[in-house]
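[1] here is my input, please return the structure:
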Amino acid sequence: MVRLKDIAKHAGVSIMTVSRALRGEPEVSPATRARIKAIAQQMGYVPDSAARGLRAQTSKTFGVVISSITNPLFTRVVRAIEEHAHESGYDVFLAHTLNNPEREEVCIRRLISRRVDGLFVSPVYRMEKEARIYQELLVHGTPTVLLGHPAPFCDAFPAVSPDDLIASYNATQHLLGLGHKRIAFLAGRLVTPWAQERLEGYRRALREAGLDVDDRLVFTAGSTVEDGAKAGQQMLNEHCGATAVQAVNDLVAVGCGNALLHHGLKIPQDISVVGFGNLLVSEHFRVPLTTVRQPKFRLGVAAMETMLKVLRRDRMETRRLPAELLVRESTAPPGANSPA
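    Have a look, this model is predicted:
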């Protein structure tokens, strides 16, 4: 391992001069500074970031806590955070909660023990109004930005999230504009704010259109393809008369779509289907899905911008980013063969 004294010996200067030159301090002339940096590079010198962090009271690292990198939403969000952190001279540690509150607490504690300069956290949502680990983050003053909607237990922190309510409202408006009046909604776990907002957007659009919100058209569907298939089967079994289905996310929409196709229904001739998220699977489903494009990369960029504001102690604000409706082949006006 190359040390400062090795570079000093090779350059014929003091260790202090080498240290100042590598830090770019003005006490060293530009020519000497350039020569020392060239020698250090030739010798393969790597700065000790831990020691440098102790001197500067910063680790130049961030922690990112998400449910799982296999969740398609987080792939681009984390990429955006890492790219912009790299440009700002930071490294990133990644931890997975697997949507488990106890594991979330362990992940956050481990990152704090590494003296990260800030945390990006996608909360594990729960019904409680308080969560111990978030109270501790407040007490310790750990800079924290939420990746997702704030909830009562974590609403003291700035957050970045898509405007799910308006996006869901627009998706329902699209179906209403095509002439659908019996629209089923496959809802997610309502403990999560994003699932609540998507359901409320659907209800708001129906109310504004002068239609009753029929609870017989709302089905609990979870968040996976399997959940969507079960909800689609339940919808068919209950003969609710829906001419269109709006799902809480693309995976649920795909599962439901598979169930409908398996029973001989045609999409969109017999029934229209709308997803949410614009995952890759939505575009390559057997009938490309009309869906909502979440601004995944822009969410990561906004999170990094918010974190830098927090570190500068600037005024912090929760940010909501608009999401765009993408109309594909899975939606059309209700046909003569629609279940209704």
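[2] any idea of the mean pLDDT in stretch 169-181?
    What stretch 169-181 shows for mean pLDDT is 98.
[3] residues contacting Thr318?
    Applying CB atoms under 8 Å, 6 or more residues apart in numbering to Thr318 gives the contacts 150, 158-161. In this view, the C-beta of every residue, glycine as well, is placed from N, C-alpha and C.
[4] TSV for those residues, including pLDDT?
    Listed next are those as TSV, based on pLDDT from 0 to 100:
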residue	pLDDT
Pro150	93
Pro158	95
Ala159	96
Val160	97
Ser161	95
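[5] reformat those residues as CSV; add distance to Gly141 and secondary structure.
    Putting the contacts of Thr318 into CSV (distance: CB to CB, whole Å; DSSP: H, G, I helix; E, B strand; the rest coil) gives the following:
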residue, distance to Gly141, secondary structure
Pro150, 18, coil
Pro158, 14, coil
Ala159, 18, strand
Val160, 20, strand
Ser161, 23, strand
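[6] and the residues you listed, which is closest to Leu299?
    Distances from Leu299 to the contacts of Thr318, taken as CB to CB, are shortest for Val160 (5.5 Å).
[7] now do the contacts for Asp163.
    Asp163 touches 320-323, counting by CB under 8 Å, 6+ apart.
[8] what does Tyr45 give?
    2, 7, 22.
[9] redo that, cut-off 6 Å
    Contact partners of Tyr45, counting by CB atoms under 6 Å, 6 or more residues apart in numbering, are Val2.
[10] which element follows the worst-scoring helix or strand of the chain on mean pLDDT toward the C-terminus?
    The weakest-scoring helix or strand in the chain, judged by mean pLDDT, DSSP states H and E, is helix 49-56 (a mean of 50). Counting by DSSP states H and E, the element after helix 49-56 in chain order, helix or strand, is strand 61-66.
[11] give me the mean pLDDT for that next one.
    Mean predicted confidence for strand 61-66 is 96.
[12] which other helices and strands contact whatever helix or strand comes next after that strand?
    Using DSSP H and E, the helix or strand that follows strand 61-66 in sequence is helix 72-87. Secondary-structure packing of helix 72-87 (3 or more CB pairs under 6 Å, 6 or more residues apart in numbering; DSSP states H and E): strand 61-66, helix 296-311.
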